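Visitor: make a model of this:
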Amino acid sequence: MDISAVKRTKFLDQLSLNFSPDDQMIIVNGDPREIEWLYNGLSKWTGIQAKP
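Guide: The predicted model follows:
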């Protein structure tokens, strides 16, 4: 599983979670502060770091 965050516009970021074995993906769009909060929480909880 990997996690990545991407800036889409000035007011919209996107967080993606990829589940490798099933090639499934969850995509969350939101305010940059919300996406940063969610990313930090998920990274801390799962131990997964962002893809370069």
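Visitor: for Lys7, give me its contacts.
Guide: Neighbouring residues of Lys7 by CB atoms under 8 Å, 6 or more residues apart in numbering: Asp13, Gln14, Pro32. Placement of C-beta: from N, CA and C, glycine included.
Visitor: distance-wise, check the residue nearest the centre of the chain relative to Asp2.
Guide: Central residue of the chain (CA atoms, centre = their mean): Leu15, 2.9 Å from the mean position. Distance check for Leu15 against Asp2: by CB to CB, to the nearest Å, it reads 12 Å.
Visitor: using CSV, write out every CA atom in stretch 8-22.
Guide: Output of stretch 8-22 as CSV, limited to C-alpha atoms (Å, rounded to 0.1, in the frame of the first residue of the first chain):
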residue,chain,number,x,y,z
ARG,A,8,-4.6,20.1,-7.9
THR,A,9,-5.4,23.8,-7.6
LYS,A,10,-4.7,26.6,-5.1
PHE,A,11,-7.7,25.5,-3.1
LEU,A,12,-7.8,21.7,-3.9
ASP,A,13,-5.4,18.9,-3.0
GLN,A,14,-5.8,15.2,-3.7
LEU,A,15,-4.9,12.3,-1.4
SER,A,16,-4.5,8.8,-3.0
LEU,A,17,-4.3,5.5,-1.3
ASN,A,18,-3.1,2.6,-3.5
PHE,A,19,-3.7,-1.0,-2.5
SER,A,20,-1.1,-2.9,-4.6
PRO,A,21,-2.3,-6.5,-4.5
ASP,A,22,-5.8,-5.6,-5.7
